[in-house]
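Asks: output the structure for:
(4 chains)
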Protein chains: 2
Amino acid sequence: MARRVSIMDIAARAGVSHTTVSRALRGHTRISAVVRYRIAALADEMGYVPNAIAQSLKQQHTSTIGVVVSDMADPFWGEVVKGIDDVCAANDQSLLLHTAAHDAAQQLKAIQRLQQRRVDGIIVVDSQLEPRDVRQIEQDATPTVFINSQRTLESTSFRSVTIDNYAGGELAAHHLATLGHQTYAYFGSHKRPGSNLQRVTGFIDTLVTHGIERSKIFRTECDADIADIEGGYTMAQALHEPDVTAVFCYNDAIALGALAGFRAKGIAVPHQISIVGFDDLAMSRYSWPPLTTVAQPKALLGQTAMHILATLIDGHAVLDAVLVPTLIARDSSMSLLKGLRT
Amino acid sequence: MARRVSIMDIAARAGVSHTTVSRALRGHTRISAVVRYRIAALADEMGYVPNAIAQSLKQQHTSTIGVVVSDMADPFWGEVVKGIDDVCAANDQSLLLHTAAHDAAQQLKAIQRLQQRRVDGIIVVDSQLEPRDVRQIEQDATPTVFINSQRTLESTSFRSVTIDNYAGGELAAHHLATLGHQTYAYFGSHKRPGSNLQRVTGFIDTLVTHGIERSKIFRTECDADIADIEGGYTMAQALHEPDVTAVFCYNDAIALGALAGFRAKGIAVPHQISIVGFDDLAMSRYSWPPLTTVAQPKALLGQTAMHILATLIDGHAVLDAVLVPTLIARDSSMSLLKGLRT
DNA sequence: ATGTGATGTGCACACGTGTGCGCGGAAGGT
DNA sequence: ACCTTCCGCGCACACGTGTGCACATCACAT
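Replies: Got it, this is the predicted structure:
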């Protein structure tokens, strides 16, 4: 950050005080038109770039939103962050991004960094934080919103935006049960225990109400340190229950991996096995076969978080938001009922 | 940004000057052990969070790197930004992110925002900037590095990191020509005219050296405002040259779309048509069939940009970097020579 | 007793910007 | 001619932190 031209420099050249320059550039009313024009011309000529750091220090806000995200290369979080960024751009705010793997300690550190940087608000995506961590964060009063947090927040000042994972599991179960399937598998992930449990619970509960016995539902979870798509491939390879005709996957990445895994085993999707994913990634529409999935409104997740955060920043009270998923039926799931094509 | 505890507050409670508090917390040598310990305890008790804004103003640097990216949801740029972030995290720097669609005006505005924020350096990814824009940016002396810029930089102070697109086209051509293909198509994109031209030129030049006539190479480009994967699907549908047995696509997204497009037309890949992509996205390995592609070292692209930027920030001279792509042969390309499996 | 050096702390200023208050002058009314 | 009002501008301070210099104290050697 080299030495640059300041309003003092402009003031010296214009023969006025820096006060006048500041007012002229900010559009203050009581500055004569001639002076204002001269200063504007001078600022342009001298290549003046206002110092947002000094402005922030004086004005006690930064017009910056901090975001903590587990993995920026993940296409799902990418869409969510894009939703956040859309609102930021519309509000003339900047985005300060910190990555923090899948690790509470790193997330905590990232949040503290953002607090030091005095961002106006923080959005934590895919939080792994424990209640104890949240209490520590809460001491600093920076408004904070959590998206798809893995643990329920025990906070009075912070808010959260979540997808209704249980309802998503219900949708998948209802879809597959209606197609006539009798024996099921669930491919989950230990990486996100909270949402994993909610989705599988909604799934199993609903299957039971459709008259499926619990013993007909086989549940697997892949390790936390393995990439989702890789995990899906492995779990498909490792599935040894011949009666299974329908698989519900924790997310699309796992489902896409499973697609490849079953194909490698010579099992045809959807003719021998139906697969349902979760998320609706951009690519899921173009897989082979195109993936039936429970769609999350990804951009809306980010936008909603921003609106809640803005309300918090304004000092008003606001409620948590729960967004509802929808089922998108494509070609990876098929009816077992003869003569009945859906 | 609410009123918070400052070093002045701590100083008052400790009965010393704020100077001493500052020195104690920064680990200055000549502070007595007792005072240092007392201040550390007090800072902790009072919940002191250092104000990075004030520090930046005083120290004339922000430990922040600005990044301008066209689309954060794009899995390719996601990987590149991840590479940037890795280095930032290792250097205790933050990432200030601005999105700027595929539009020179927006990119220009984003860069100016970052300059106002006094970031230590800027990385512009997928730049569409004209030489005139670059000259304007250059007035402010913020070190800047361009990744995969679409136009050649005419700048003395800025640097760039690019992939050798021409060599990538060569790789694809050599691969397909060796497999015995005689008639080709190229699926490109108008969205990124610079790299598109380099890739197709390398492709065609090399085919010609393999004895293929130019009339046997059919070239198409999809509109700039259409999503790549969608464009690939459309171009595959629209391809009416029955002799074509090999398609080289500008990138993997187009290739994945083409895969789906050919499948919808009942054309088998690779048995009737071989397809080669460019980028090596994470998902390309799991498509059906797995995609043969020219791989870009995505994370390395970001890391290299950061290293060059760091050198620039230190005030040293440094050269542009050109990274070489590699071909990854998977199952979407096949030999036409009977009895000769590669 | 005095000089010398090391140690611990504070004063005052700087970074670049915004703003409350006041002051001089012009305009307008009596 | 005098008072009031309004306009245009500057002084001085504030935001929170870091640092050069000076100063006080103490230990130690001369």
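Asks: use CA for all of it now, contacts and neighbours both
Replies: Will do.
Asks: show me where chain A has strands.
Replies: Ranges of strands in chain A, per DSSP state E, are A:64-69, A:94-99, A:121-125, A:144-147, A:159-163, A:184-189, A:217-222, A:246-249, A:274-279, A:292-295, A:321-323, A:326-328.
Asks: tell me the most buried of those?
Replies: Among the strands of chain A, strand A:246-249 has the highest mean neighbour count (mean count of other CA atoms under 10 Å in any protein chain shown), at a mean of 28.
Asks: and that one, what does it pack against?
Replies: Secondary-structure packing of strand A:246-249 (3 or more CA pairs under 8 Å, 6 or more residues apart in numbering or on different chains; DSSP states H and E): strand A:184-189, strand A:274-279.
Asks: please convert those strands to a markdown table, extending it with distance to A:Y250.
Replies: Below are the helices and strands packed on strand A:246-249 laid out as a markdown table (distance: least, CA to CA, whole Å):
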| stretch | distance to A:Y250 |
| --- | --- |
| strand A:184-189 | 5 |
| strand A:274-279 | 6 |
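Asks: what about A:D140, distance to A:S287?
Replies: According to CA to CA, to the nearest Å, A:D140 stands 46 Å off from A:S287.
Asks: of the two, which one has the most company?
Replies: Neighbours were counted for A:D140 and for A:S287 using other CA atoms under 10 Å in any protein chain shown; A:S287 has more, 23 against 17.
Asks: just the pLDDT for the residue lying closest to the more buried one once chain neighbours are set aside.
Replies: Spatial nearest neighbour of A:S287, excluding adjacent residues (CA to CA, 6 or more residues apart in numbering or on different chains): B:S287 at 6.4 Å. pLDDT, B:S287: 88.
Asks: pretty sure B:S287 sits against A:W288.
Replies: Yes - the criterion here is CA atoms under 8 Å, and B:S287 meets it with A:W288 at 7.3 Å.
Asks: out of the strands of chain A, which gets nearest to B:H271?
Replies: strand A:274-279 (26.4 Å; CA to CA).
Asks: contacts for the closest one next, please.
Replies: Residues outside strand A:274-279 that contact it (CA atoms under 8 Å, 6 or more residues apart in numbering or on different chains) are A:76, A:168, A:172, A:245-255, A:259, A:269, A:291-296, A:332-334.
Asks: count of residues packed around the residue in chain A that DNA strand C sits nearest to?
Replies: Across chain A, no residue is closer to DNA strand C than A:S6, which sits at 3.3 Å (CA to the nearest atom of the strand). A:S6: 17 surrounding residues under other CA under 10 Å.
Asks: so what does it look like in phi/psi?
Replies: Reported as degrees, to the nearest 10, the phi and psi values for A:S6 are phi -110, psi 170.
Asks: test my guess that it contacts A:Y48.
Replies: Yes - contact between A:S6 and A:Y48 holds when scored by CA under 8 Å: they sit 6.7 Å apart.
Asks: what does the stretch 151-300 of chain A put close to chain B?
Replies: For the stretch 151-300 of chain A, the residues in contact with chain B (CA under 8 Å from any CA of the partner chain) are A:256-257, A:260, A:286-288.
Asks: once you drop chain neighbours, what's closest to the residue of the stretch 201-342 of chain A found nearest DNA strand D?
Replies: DNA strand D sits closest to A:I313 of the stretch 201-342 of chain A, with a gap of 17.3 Å, by CA to the nearest atom of the strand. The shortest distance from A:I313 to any residue other than its chain neighbours is 6.1 Å, reached at A:P143 (CA to CA, 6+ apart).
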